[in-house]
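[1] just need the structure, nothing else, for what follows:
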Amino acid sequence: MAHQASRPAGSGRPRVAILILAHTNREQLLRLTAHLQPDFDVFVHLDKASPIRIEDFQIFHRATVFKKFRARWGSLAIVHAMLELLARASAAGPYDRYVFISGLDVPVMSNQKIAEYFFTHRDTDFVDIQRFVEGEKRRLTRLTRFHFFSRRTSAGAPAQLRGAASRLIDQTLHKAGVRRKNNYDFRWGSQWMDLTRATAESILRFVNSDRRFLRRFRFTFCPDEFVFQTAIHQHQNTSRKQAKPARFIDWDTGPEHPRVLRTEDFDRIIAGGMLFARKCDSRVDRALVDQLFALANAEAAGEVQAG
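    Modelled structure (predicted):
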């Protein structure tokens, strides 16, 4: 069962679909949905194993929420969940912009400024597409070798055992000369992206027309970092602009990778001028989450007064 989004008539602003992958922190996810849905249609995929209920979202008139895949970290199910979000939003739309975020992302700007940003850059896909260069051979092995188990499906000894088994099988097959075909011109990058309508529709057409494509990513480690970039590159419209997604993400300072942002990161986040901060968890630092939502709400209030 899914609560279906309503689609009020547009007012000249871009029609934006926010596509959320979520599995944890019910309170923050509901807060995020409540913040976004006055101005955007929101589509949420809840991990099938998540305790969060679809019924929790019935108060939101512009939210479509469903559970379909058990999207373990590093698994192909994450890609299936993302494609399902994209397909459902496209069928409900079409929209001018499709924005992928997680349930632990928090907007840094008001909804109005986010919409203005996409209106200003209406022909730009904000997507990270990178070639494999000499220093990326280790990343390429995620595609060229077999990975039969997600390496971090859960905490503790079972996950470590699965990871060890996966590496052992991988090494054994590689030594035996077993290689996976490089039958596509692979690219890689972040799964968090903001796609134009043309690109979103192109991805769905390509995946539906080439049934071998998704099958190629079975037994691939973290395929969500490859599938969309490779699909876009396969049928890239050279007249379409591309830029990096406007996300504040800290991969460097730890202790987590990416870092769970904290109050001491607030000034860096604001100075970054990004649309969303990833990732924020109220169970780690509620004060930062409160600060960021308060900032976005204050901007929105100022815009209403100015209008």
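[2] any idea whether residue 85 is helix, strand or coil?
    Per DSSP: H, G, I helix; E, B strand; the rest coil, the local secondary structure of residue 85 is helix.
[3] test my guess that it contacts residue 43.
    Yes: using Cβ atoms under 8 Å, residue 85 is in contact with residue 43, at 5.2 Å. Placement of C-beta: from N, CA and C, glycine included.
[4] what about those two, which has more around it?
    residue 43 (26 against 23; other Cβ atoms under 10 Å).
[5] surely that one and residue 90 touch.
    No: taking Cβ under 8 Å as the definition, residue 43 is not a contact partner of residue 90, at 10.1 Å.
[6] hey, what's in contact with both of residue 85 and residue 43?
    19-20 (Cβ atoms under 8 Å, 6 or more residues apart in numbering).
[7] for this protein, which residues score under the pLDDT cut-off?
    1-12, 134-136, 149-156, 159, 236-239, 301-307 (pLDDT under 70).
[8] give the residue farthest from the middle of it.
    Residue farthest from the centre of the chain, counting by Cα atoms, centre = their mean, is residue 176 at 36.4 Å.
[9] in stretch 119-128, what counts as buried?
    With burial defined by 16 or more other Cβ atoms under 10 Å, the residues of stretch 119-128 counted as buried are 121, 124-128.
[10] scratch that, stretch 15-30 is what I was asking about
    15-25, 28-30.
[11] can you put those residues in JSON lines and add secondary structure?
    Output for these, formatted as JSON lines (three-state DSSP):
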{"residue": "15", "secondary structure": "coil"}
{"residue": "16", "secondary structure": "strand"}
{"residue": "17", "secondary structure": "strand"}
{"residue": "18", "secondary structure": "strand"}
{"residue": "19", "secondary structure": "strand"}
{"residue": "20", "secondary structure": "strand"}
{"residue": "21", "secondary structure": "strand"}
{"residue": "22", "secondary structure": "strand"}
{"residue": "23", "secondary structure": "coil"}
{"residue": "24", "secondary structure": "coil"}
{"residue": "25", "secondary structure": "coil"}
{"residue": "28", "secondary structure": "helix"}
{"residue": "29", "secondary structure": "helix"}
{"residue": "30", "secondary structure": "helix"}
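[12] and the residues you listed, which is closest to residue 220?
    For the buried residues of stretch 15-30, the closest approach to residue 220 (Cβ to Cβ) belongs to residue 21, at 18.0 Å.
[13] ramachandran angles for residue 99?
    phi -110, psi 120 (degrees, to the nearest 10).
[14] quick one: residues contacting it.
    16-19, 40, 194-195 are the contacts of residue 99 under Cβ under 8 Å, 6+ apart.
[15] got it, and residue 170?
    Residue 170 makes contact with 145-148, according to Cβ under 8 Å, 6+ apart.
[16] can you turn the buried part of those residues into a ChimeraX selection?
    In ChimeraX, this line selects whichever of these come out buried by 16+ other Cβ under 10 Å:
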select :145,146,147
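[17] would you turn the contacts of residue 170 into TSV with distance to residue 73 and secondary structure?
    Listed next are the contacts of residue 170 as TSV, based on distance: Cβ to Cβ, whole Å; DSSP: H, G, I helix; E, B strand; the rest coil:
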residue	distance to residue 73	secondary structure
145	19	coil
146	18	coil
147	13	coil
148	15	coil
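[18] same list, the contacts of residue 170, but as JSON lines with distance to residue 80 please.
    Shown next, in JSON lines, are those (distance: Cβ to Cβ, whole Å):
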{"residue": "145", "distance to residue 80": "22"}
{"residue": "146", "distance to residue 80": "19"}
{"residue": "147", "distance to residue 80": "17"}
{"residue": "148", "distance to residue 80": "18"}
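[19] closest to residue 258 out of the contacts of residue 170?
    When these are compared for distance to residue 258 (Cβ to Cβ), residue 147 wins out at 21.2 Å.
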